[in-house]
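Asker: Provide a 3D model corresponding to the input given below.
(one chain, ligands or ions: 2)
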Amino acid sequence: MGIVGAGPAGLILSQLLDRAGIDSVILENRDREYVTERVRAGLLEQATADLLDELGLGERMHREGLVHQGLYLRFAHQTHRIPLSELTGGRSIWIYGQQEVVKDLIEARLAAGQQLHFEVADVSVHDFDGDSPRIEYTHEGERHVVDCDVIAGCDGFHGVCRPAIESALTIHNHEYPFGWLGILATVPPSTDELIYTNHERGFALHTMRSPELSRLYLQCDPHDDITNWSDDRIWEEMHHRFETDDGWQLNEGPIVDKGITPMRSFVVEPMQHGRLYLAGDAAHIVPPTGAKGLNLAVRDVRVLAEALISFYADNDSSLLDAYSATCLRRVWRVQHFSWWMTSMLHLIGDADDFEHRLQLAQLDYVVSSTAAATTLAENYVGLDKV
Ligand code: FAD
Ligand code: DHB
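Answerer: Ligands and ions are numbered 1, 2, ... in the order given. Model (predicted):
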């Protein structure tokens, strides 16, 4: 197996295959430090956390991760709790940073003696229309070739695998007129569970990484420059957006990381062509409001690993042939949920007051109807049936 990209999708796929005795080579164009230090997602669905346990990788997550059984929706300056576990038969979510998951996976890959090459350049994929695909790349100035049975394109949204088959794909793309400014601050979180806020000045989210480290996001102009946001300006805006009627206080602390991410919804169909299979962000992007990007990438590679194991063990390609259709059912469910959460919680630039009132009516329904709250909860912790 040739795998392009050492993000969560590529690393978990390799680990799942290794367990079934299938060798893989992972090629990553960044260096190890870069992939383990970049701050990205932080919320794992129960099923993602269970998979890490099953793969024998859950030890540090159990020690350092935080388990949450609910979340807060804040609007009209009031806070309402959605009891996620109560509404979903006891399921919960984990707070454990993506870069921590990636660190644990890289260590496991290297300890198992599997091939994982960082800082490769000029990766290109070839002959995936036939039975003998190959990947070419440059490492330390020399050109190399990996002959493989199958290629997994786990190289994220800006990778090379999707463009290699783009002429065979249908692309669905929706861009939002806003982005998220995210910060990491060395200050104890001001809340025990995540707060998603709809405010007249725009969306805000309070999440965390540990009892000492807070992560917060603000809706912003996606084209804004982060240098326009001094730490003082960020905290001032946070105070506005999280303000409540009940005297709740937001703790401030030193900001150790900040950045702006644009938001889009994106899907390619199908997620496969010949013997090239796309997984994770290479095939789809969701806006982060439902915390689904990482979890969806993990679901894809579970489906792909199962299909590859059946292909190697029984010479049966039916699961591989069905890979894209199997994944897309869930991808579109998650696309809808992420779009719905985004639309309900963000300030829509040119919307009139009518649309804001509709958002408030919807939020009021979600916090006062068990049926509506369950819809949010079961999607948020992760649906099993799609
Ligand atoms: P990636 O993690 O992108 O991994 C792809 C890997 O491929 C990378 O290591 C990349 O360096 C490598 N690669 C790329 N091109 C090549 C090449 N040509 N050759 C070799 N290797 C290559 N999701 C959430 O749920 N919540 C969040 O808060 C959140 N924040 C995010 C912030 C940012 C800035 C970004 C970019 C994404 C964020 N996401 C978030 C989404 C989430 O992080 C992704 O869905 C998740 O990383 C997908 O995993 P992946 O393995 O498919 O792709
Ligand atoms: C986090 C990010 C999200 O996009 C989200 O919806 C919840 C949590 C996080 O970074 O912890």
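
Asker: What is the neighbour count of the residue of the chain found nearest ligand 2?
Answerer: Closest to ligand 2 within the chain is G42: 2.7 Å, counting by CB to the nearest ligand atom. C-beta: built from backbone N, CA, C; applies to glycine. As a burial measure, G42 scores 24 neighbours (other CB atoms under 10 Å).

Asker: Let me see the contact set for L27.
Answerer: By CB atoms under 8 Å, 6 or more residues apart in numbering, the contact list for L27 reads 2-6, 117, 120, 123, 135, 137, 146.

Asker: on that earlier part again, please give me every residue in contact with the residue of the chain closest to ligand 2.
Answerer: By CB under 8 Å, 6+ apart, the contact list for G42 reads 95-98, 207-209, 215, 291.

Asker: Out of those, list just those in helices.
Answerer: Counting by DSSP state H, those place Q98 in helices.

Asker: which among the contacts of G42 are in contact with ligand 1?
Answerer: 98, 291 (CB under 6 Å from any ligand atom).

Asker: neighbour-wise, which of the contacts of G42 leads?
Answerer: Neighbour tally across the contacts of G42 (other CB under 10 Å): the maximum, 26 neighbours, falls on Y96.

Asker: There's contact between that residue and E59 in this structure, I believe.
Answerer: No. When contacts are counted by CB atoms under 8 Å, Y96 is not listed as touching E59 (11.7 Å).

Asker: Report the set of residues contacting both of those two.
Answerer: Contact with both Y96 and E59 is made by no residue, according to CB under 8 Å, 6+ apart.

Asker: And the residue of the chain closest to ligand 2, its phi and psi?
Answerer: Torsion angles at G42 (phi, psi; degrees, to the nearest 10) stand at phi -140, psi 0.

Asker: got it, and S230?
Answerer: phi -70, psi 160.

Asker: Helices along the chain, start to end?
Answerer: Under the criterion DSSP H, helices of the chain are mapped to 8-19, 32-37, 46-54, 59-64, 84-87, 98-111, 161-165, 231-242, 293-314, 318-321, 323-345, 353-368, 370-381.

Asker: Out of these, flag the one nearest G141.
Answerer: G141 sits nearest to helix 32-37 of all the helices of the chain, at 19.0 Å, using CB to CB.

Asker: residues in contact with the closest one?
Answerer: With contact meaning CB under 8 Å, 6+ apart, helix 32-37 is reached by 6-7, 28, 99, 102-103, 106, 118.

Asker: could you give me the average pLDDT of that helix?
Answerer: For helix 32-37, mean pLDDT rounds to 95.

Asker: What residues of it count as buried?
Answerer: 32, 35-36 (16 or more other CB atoms under 10 Å).

Asker: Also near ligand 1: which of these, exactly?
Answerer: When contact is defined as CB under 6 Å from any ligand atom, the buried residues of helix 32-37 meet ligand 1 at V35.

Asker: could the buried residues of helix 32-37 go into a markdown table alongside distance to T326?
Answerer: Output for these, formatted as a markdown table (distance: CB to CB, whole Å):
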| residue | distance to T326 |
| --- | --- |
| R32 | 32 |
| V35 | 28 |
| T36 | 31 |
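
Asker: show me the contacts for P211.
Answerer: Applying CB under 8 Å, 6+ apart, we find P211 in contact with 66, 188-189.

Asker: which one of these has the most neighbours?
Answerer: Of the contacts of P211, with other CB under 10 Å as the count, P189 tops at 24 neighbours.
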